[in-house]
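> I would like the atomic coordinates for the input below:
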Amino acid sequence: MKPLIVFADAQAAAAEALRSALAARREPYTAGVTVGTRVPGDRTPETPHLPYVMVRKDTDLPHGSLADASCTLRVTVWHTDADQAHDLAQLSQGLLVNHSGAVIRGVRPATGPLAAVDDASGLDLSTFTVLAHVRPATA
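Model (predicted):
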């Protein structure tokens, strides 16, 4: 019988990698940063939860041999102003590109960071994507 090949949660692994790496940083724009995989449910103009970094998986692209899978991760950074959103996005992208761990074996940049304004909240944001290579595991 062939082994059952599965791929772990790259979205959660990338969020945890950023959470740990950003907690160790001392740049002023990283102070108080929260990393998650969803927009906080209690976000309001009075409580914007800034700075906030959200990691979401956009696509899964398993290799035909199942020796590897690639996925596109989209990272969105909200901050108090456009410059700090961009700086935090640039740092986050660099930290992910340098990451290699139990789930994600390597990361390369794809797009961005690109500046924008959140339509729902009016907050400044910056967003980028990376291509993550995910290690296979047997179940």
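> average model confidence for the biggest helix by length in the chain?
If each helix of the chain is counted by residues according to DSSP state H, the longest one is helix 82-97. Averaging pLDDT along helix 82-97 yields 98.
> switch to numbering from 4
Got it, the first residue is 4 from now on, which makes the last one we talked about helix 85-100.
> list the buried residues of it.
Q87, A88, H89, D90, L91, A92, Q93, L94, S95, Q96, L98, L99 (16 or more other CB atoms under 10 Å). (Each C-beta comes from the backbone N, C-alpha and C, glycine too.)
> elements contacting it?
Helix 85-100 is packed against helix 13-26, strand 72-82, strand 107-120, strand 127-137, with contacts defined by 3 or more CB pairs under 8 Å, 6 or more residues apart in numbering; DSSP states H and E.
> name every strand pairing with the third one and say which way it goes.
Each strand pairing with strand 107-120, determined using DSSP bridges, is listed with its direction: strand 127-137 (antiparallel).
> could you check how far the strand it pairs with is from the centre of its chain?
What separates the centre of strand 127-137 from the centre of its chain is 6 Å, taken as CA atoms, centre = their mean, to the nearest Å.
> so who does T141 touch?
P6, L7, I8, V9 (CB atoms under 8 Å, 6 or more residues apart in numbering).
> on that earlier part again, can I get the helices and strands packed on helix 85-100 in CSV including distance to H66, mean neighbour count and mean pLDDT?
Output for the helices and strands packed on helix 85-100, formatted as CSV (distance: least, CB to CB, whole Å; neighbours: other CB atoms under 10 Å; pLDDT from 0 to 100):
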stretch, distance to H66, mean neighbour count, mean pLDDT
helix 13-26, 14, 19, 97
strand 72-82, 6, 22, 95
strand 107-120, 12, 16, 95
strand 127-137, 9, 21, 95
